[in-house]
Each structure stands twice: as structure tokens, then as C-alpha cells.
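Peer 1: Here is my input, please return the structure:
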Amino acid sequence: MATLFEKIGGDDAIFSGSEYRNDALLFNYIESARFTDDYDLYSDHKNAVILLPHHGSRVWIWTSSAIKTDTAKLIDICRFLRDAAIVKPEIYLKHEVSDHFSDLYALASLEYGYVVKDELSLAAFVYEGNECTEEHDGETIIHVDKNNPEHVRLVTEFYRACCDEFHWHDKFDRKVSEYLNMQLYAYVKDGRMLANAVIGGHTDNYIRIKSVAVLAEERRKGIGYQMCCYIINRILSCDKKPVLYTHVKNAAAMALFKKSGFRMHDKIYLIKTDETN
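Peer 2: As a prediction, the model looks like this:
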């Protein structure tokens, strides 16, 4: 692969700088990749790191602030993505460099076979409260076990009810299988799962809450807040802080997380692309 980027390990010197350590809070995926085999890290050993998952098309880009004015470096990243043959990449990066990247991918990346399909921002939240005291009134919150047939039924029925909202009709079985393999907690009442939360992305100091979902007909009843409190307390009991990301246009989620004690620290920019060839 003709590129200035080379595959590196999690102990590479680029991770020792204060700028990276500060960003580790926001780029939980990168920190997690240092301790698993599910991700590949690439770097030019100067000011940019590419996180390239083995599966799917998500690409996390960590840069130093200097890259904002380094057009040549941005074009190097475009070339890297072209040579890596990533299908319809979803590119996540720091919000402060988003405008420069957006212009680049909208224009220069045409040469490499991609065009911008969609752009949106994710809000990065960090929990800053103490332990939650919210009760869940005798309902049961369980840790889902994929080997338990009853748990499989609960998960399957929950996501079938959400299928229209999530647009999962052509990938329902695969998505249910993915969630059964995650660290998933379910809020169960009268034999139905009304809500759930997924956690993962552990680092030395933080655990990421990947999602909190509530059935449409059960919303605005305080269940999402109770689910948040439960998950927050589990993470705090591990002497870690919860972190999470949500779309800035998702007003209901933004309000829920702020009510639960999270504070927005930054934004992460997502650029979705399509192949032109």
C-alpha cells in the first residue's frame, strides 16, 4: 500500500502526548483498540492516527490540532482511505477540524471514488454527578444472557417492535445477534422488555454507554431515566466514569442525558460517504 501511514501498536509513542491523552476521553474507541484485536491503528508517526475496524466501514480519525491547516496531510488521509478500499466509509473526527475535513471530502475525495452522502454531529457527554438514587419500583433490570432462551425472546421481541423506527427490516436477524453478544441490560415488566442499555468501550478511567433505548409507547414515563441511573451506578461501582455520544439533533436523548447528570464536553463530526465507482 503506497501510503505514508503504517500500522502501529497501542504502545506507539504517539499515544504518550498530552494532546492524545486529553482526546482519549472523547475517542473512547481508540483507547479501546489498544487492548483488543478488533481494530487496527495506523499512523504517519507525526500528527494523525487512523483507526480502521476489521468489520464494517467505520473509521475514527484522531488528529492533532495542527492538521486543520495541513491540506497535504488531509489529502494523505484521503489516499489512505482509497488504498484501504473501504466501502462507504463513515468517518468520525474531532469537531474542531470538521469544517476543513468536510470541504476536503466534498471536493478532493471525488478523485478517490467517494462523495459525501451525509454529515451530522455527535455530542460527547461525560457523567459528572454522584451515585443515582432513582428506584425502579419492583420492576426487574436483568443482565441479558444470550444462552438463556427467555432472554433471547425478550431481546428479539423488543427489537422487532423497534424495527420500523430503526429501519432494520433487511438486517433484523443480524442486528439482534449483535445485541445479544453485547453487554446489554434490560428493563423487564410483565414478561416484556420495555427498555435496555448497552455498555462497552472500557478504558482505564471510562466506560462507554453505547445506547439507551425505550419502546415508543413506554416513553415519557421516566423509564429511560431509571435505566440511565441503573447503568450509571453499575459503572461508578467499577470506579470508572460513564461517557456516551448522541446525535445533537436528538432532542429527547440530549434532555435525558443532561437530566441524568451528564454534561456535554465536545462534539464529534461524522461524515458518511458513498462510492462513485
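Peer 1: All the strands of the protein, residue numbers only.
Peer 2: 6-8, 39-43, 48-53, 58-63, 90-94, 114-127, 140-143, 183-189, 192-200, 206-214, 241-247, 262-275 (DSSP state E).
Peer 1: and residue 131, how many neighbours?
Peer 2: Neighbourhood size, residue 131 [other Cβ atoms under 10 Å]: 10. (Glycine included, C-beta is placed from N, CA and C.)
Peer 1: Please report phi then psi for it.
Peer 2: Phi and psi for residue 131, reported as degrees, to the nearest 10, are phi -60, psi 140.
Peer 1: what residues are up against it?
Peer 2: With contact set as Cβ atoms under 8 Å, 6 or more residues apart in numbering, residue 131 has these partners: 232-233, 236.
Peer 1: For the spatially closest residue to residue 91 that is not a sequence neighbour, list each beta-bridge partner.
Peer 2: Nearest residue to residue 91, sequence neighbours excluded (Cβ to Cβ, 6 or more residues apart in numbering): residue 271, at 4.5 Å. The partner list for residue 271 in beta bridges (DSSP bridges) reads residue 91, residue 119.
Peer 1: What pLDDT does the model give residue 271?
Peer 2: Per-residue pLDDT puts residue 271 at 74.
Peer 1: Verify the stated contact: it with residue 119.
Peer 2: Yes: between residue 271 and residue 119 there is a contact at 5.5 Å, judged by Cβ atoms under 8 Å.
Peer 1: The two - which one has more neighbours?
Peer 2: Neighbour count, other Cβ under 10 Å: between residue 271 and residue 119, residue 271 has more, with 24 against 16.
Peer 1: Please determine how far the more buried one is located from residue 196.
Peer 2: 29 Å (Cβ to Cβ, to the nearest Å).
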